[in-house]
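Asker: task: produce atomic coordinates for the following.
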Amino acid sequence: QLFLEATRSLQPDVILFSTCLSACSTAEQWEHALDFFGQLQDAQLQPDVVVYNSCISACGKGQEWENAMILLEELQSENLQPT
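Answerer: Have a look, this model is predicted:
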């Protein structure tokens with residue numbers, strides 16, 4: 001809900017998505033994290049290492065290992081290194 005309100009008045013950027021993904025990871029909400037990740041890609045924004053790490057972390061906390069591994073492979077294909 002907060003994200004929707006923010007996007008009405010702001011142009012979403014990687015920092016906004018990164019913040020949302022970090023909150024999803026902390027709250028162990030892997031489904032929302034994957035949704036935000038998809039929205040970031042739909043907005044034609046380039047995910048950075050922070051975005052990937054937050055999304056991978058959320059998936060790991062939800063025991064969604066397959067999704068975490070897919071994201072890790074994408075991260076590496078972008079020549080980024082996980083932290």
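
Asker: can you count the residues close to V49?
Answerer: 14 (other Cβ atoms under 10 Å). Just so you know, the C-beta spots here come from the backbone N, C-alpha and C atoms, and that holds for glycine as well.

Asker: find the nearest non-adjacent residue to it, please.
Answerer: Leaving aside its sequence neighbours, V49 sits nearest to L80 (Cβ to Cβ, 6 or more residues apart in numbering; 4.7 Å).

Asker: what's the pLDDT at L45?
Answerer: L45 is assigned 93 on the pLDDT scale.

Asker: can you check A6 too?
Answerer: 59.

Asker: C-terminal to the least confident helix or strand in the chain by mean pLDDT, what's the next element?
Answerer: Here the helix or strand of the chain ranked lowest by mean pLDDT, DSSP states H and E is helix 2-9, holding a mean of 62. Toward the C-terminus, helix 2-9 is succeeded by helix 14-26 as the next helix or strand (DSSP states H and E).

Asker: what is the helix or strand following that next one packed up against?
Answerer: Next helix or strand after helix 14-26 toward the C-terminus (DSSP H and E): helix 30-42. Under the contact definition 3 or more Cβ pairs under 8 Å, 6 or more residues apart in numbering; DSSP states H and E, helix 30-42 sits against helix 14-26, helix 49-61, helix 65-77.
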